[in-house]
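> Take this sequence and fold it.
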Amino acid sequence: PQETHYILPDIYVVEAGGEFVVQVNDEGIPRLKISKLYQEMLKKGAGKKTDEASEFVKEKLRSAEWLIKSIQNRQKTIEKVSKAIVAKQQEFFKKGPKSLKPMVLKDVANEIGMHESTVSRVTTNKYMHTPIGTFELKYFFNTGIGGKDGSADIASEVLKLKIKAIFDAESSKKPLSDQKVVEILAQEGLTVARR
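This is a model prediction of the structure:
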């Protein structure tokens, strides 16, 4: 038997007054603060000659402040990325996976003013709980496929759902050829290769 893995969403998207609102889940983030003892030790030694112990405490305080700030920045970045996803994918949140739009990391990176690699790191193994289910943030990033004039008409994930629906509807005794599937999709205005 396989071990069950439970997912604790990093972001919650809730509908409030007809709009989708992003809430970052801070439950798994430790509440960090700098010890008053060390702050007092530093204040008492501030007017005195700098010694080895004082430098040690200063260095540890700087490290602690950096760690706290890094965690806060990470949470802010997750929130920015999530808000950008929600803004771009409004139809998905209203109608479900069949309404997912093509979107790549670069789209969100440009929108929030960060590098693609930062957006990639922040979306890895992060989950968003939505009114229609829980999804990994990476799920929202798909290339566009199938436009008649070379444009991206449909998200690759939506195309997979359409192909699955075609397969589910076909007769198991007389399966459709790849060419027939291409023709069915072409009737919907989607241009895809047989392979």
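> Report the mean confidence score over the lengthiest helix in the chain.
In the chain, taking DSSP state H as the definition, the longest helix is helix 52-88. The average pLDDT within helix 52-88 is 88.
> let's number from 36 now, not from 1
With the count now opening at 36, the last piece we talked about shows up as helix 87-123.
> Any buried residues in that helix, and which?
Neighbour counts using 16 or more other CB atoms under 10 Å place 89, 92-93, 96, 110, 112-121, 123 of helix 87-123 among the buried residues. No exception for glycine: its C-beta is placed from N, CA and C like everyone else's.
> shaky segments in this protein?
Residue ranges of the chain with pLDDT under 70: 80-85, 180-188, 190, 228-230.
> Report the central residue of it.
In the chain, the residue lying closest to the centroid (CA atoms, centre = their mean) is residue 172, at 2.8 Å.
> who's in contact with the nearest residue to that one once chain neighbours are set aside?
Distances taken as CB to CB, 6 or more residues apart in numbering place residue 158 nearest to residue 172, at 3.7 Å, with adjacent residues excluded. Going by CB atoms under 8 Å, 6 or more residues apart in numbering, residue 158 touches 116, 140, 171, 172, 173, 176.
> where does the fifth one land in three-state SS?
Going by DSSP: H, G, I helix; E, B strand; the rest coil, the secondary structure assigned to residue 173 is helix.
> and it, what does it touch?
If you count contacts by CB under 8 Å, 6+ apart, residue 173 has them with 158, 159.
> Okay, it and residue 159: tell me how far apart.
Using CB to CB, to the nearest Å, residue 173 is found at 7 Å from residue 159.
> nearest spatial neighbour of residue 99, skipping sequence neighbours?
Distance criterion CB to CB, 6+ apart; nearest residue to residue 99, sequence neighbours excluded, is residue 69 at 5.2 Å.
> So the one you found, which state does it fall into?
Judged by three-state DSSP, the three-state class of residue 69 is coil.
> Which parts of this protein are strands?
Taking DSSP state E, the strands of the chain run over residues 46-51, 54-59, 162-165, 168-171, 179-180, 189-190.
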